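**Q** curious how this folds, go ahead:
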Amino acid sequence: MGKDSKPKEAKGKGKQAGGGSDESASKGKGKAGKGDGLGTCTYVKARHILCEKQGKINEAYKKLEDGWLSNGDKVPPAEFAKIAQEYSECPSGKKGGDLGWFPRGKMAGPFQEVAFSTAVGATSAPFKSTHGYHIILSEGRKN
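**A** Reported below is the predicted structural model:
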């Protein structure tokens, strides 16, 4: 009996064991449409566009809409990067808006909320933070 109870206890911690259960490994990926991964991951990989003026961020978003979003398509990271290089006023704009992996708690307020609630592969609508106006492309999640 002791052997049977241990795998059940480890099931929820399969990520630490490295290869325990396929179920637990897929939960950390934050699949779109399932709320379980969106708000619970520890790290997000994202790109963003930052503009001081709302009009400029709206121009960037219109380019994303016209190219992909209006058709229900996902914006390819390389294309998002081109628009970030053109529009973003953040130093990360030179790198296509790439912020890399960052943990929960590193980014402030609305930026963190949007970054950790945007499904992988999806692009956020423009939103305001204390630094200006942003658009985020979520590229990955992990715990």
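
**Q** which residues are contacting the strand or helix carrying Ala115?
**A** In the assignment (DSSP states H and E), Ala115 maps to helix 109-117. Here helix 109-117 makes contact (Cβ atoms under 8 Å, 6 or more residues apart in numbering) with 38-39, 41, 44, 46, 48, 102, 104-107, 124, 127-131, 134, 136, 138. C-beta coordinates here come from the backbone N, C-alpha and C atoms, glycine included.

**Q** tell me the strands beside the helix or strand just after that helix, with direction?
**A** Sequence-wise, the next helix or strand downstream of helix 109-117 (DSSP H and E) is strand 127-129. Strand 127-129 sits in its sheet next to strand 132-142 (antiparallel), going by DSSP bridges.

**Q** hey, C-alpha coordinates of the partner strand in PDB?
**A** The C-alpha trace of strand 132-142 is given here as PDB (Å, rounded to 0.1, in the frame of the first residue of the first chain):
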ATOM      1  CA  GLY A 132       2.900  54.400 -21.100                       C
ATOM      2  CA  TYR A 133       0.900  52.200 -23.500                       C
ATOM      3  CA  HIS A 134       1.700  48.600 -24.200                       C
ATOM      4  CA  ILE A 135       0.900  45.600 -26.500                       C
ATOM      5  CA  ILE A 136       2.200  42.200 -25.300                       C
ATOM      6  CA  LEU A 137       2.800  39.000 -27.300                       C
ATOM      7  CA  SER A 138       2.900  36.000 -25.000                       C
ATOM      8  CA  GLU A 139       5.500  33.500 -26.200                       C
ATOM      9  CA  GLY A 140       5.700  31.000 -23.300                       C
ATOM     10  CA  ARG A 141       4.900  29.900 -19.800                       C
ATOM     11  CA  LYS A 142       6.600  27.800 -17.200                       C
END
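
**Q** list the buried ones in it?
**A** For strand 132-142, a neighbour-count test (16 or more other Cβ atoms under 10 Å) marks Gly132, Tyr133, His134, Ile135, Ile136, Leu137, Ser138, Glu139, Arg141 as buried.

**Q** wait, the last one touches Val44, no?
**A** This means Arg141. Yes. Counting by Cβ atoms under 8 Å, Arg141 does reach Val44; the two are 5.7 Å apart.

**Q** how far away is Phe80 from Lys128?
**A** According to Cβ to Cβ, to the nearest Å, Phe80 stands 20 Å off from Lys128.
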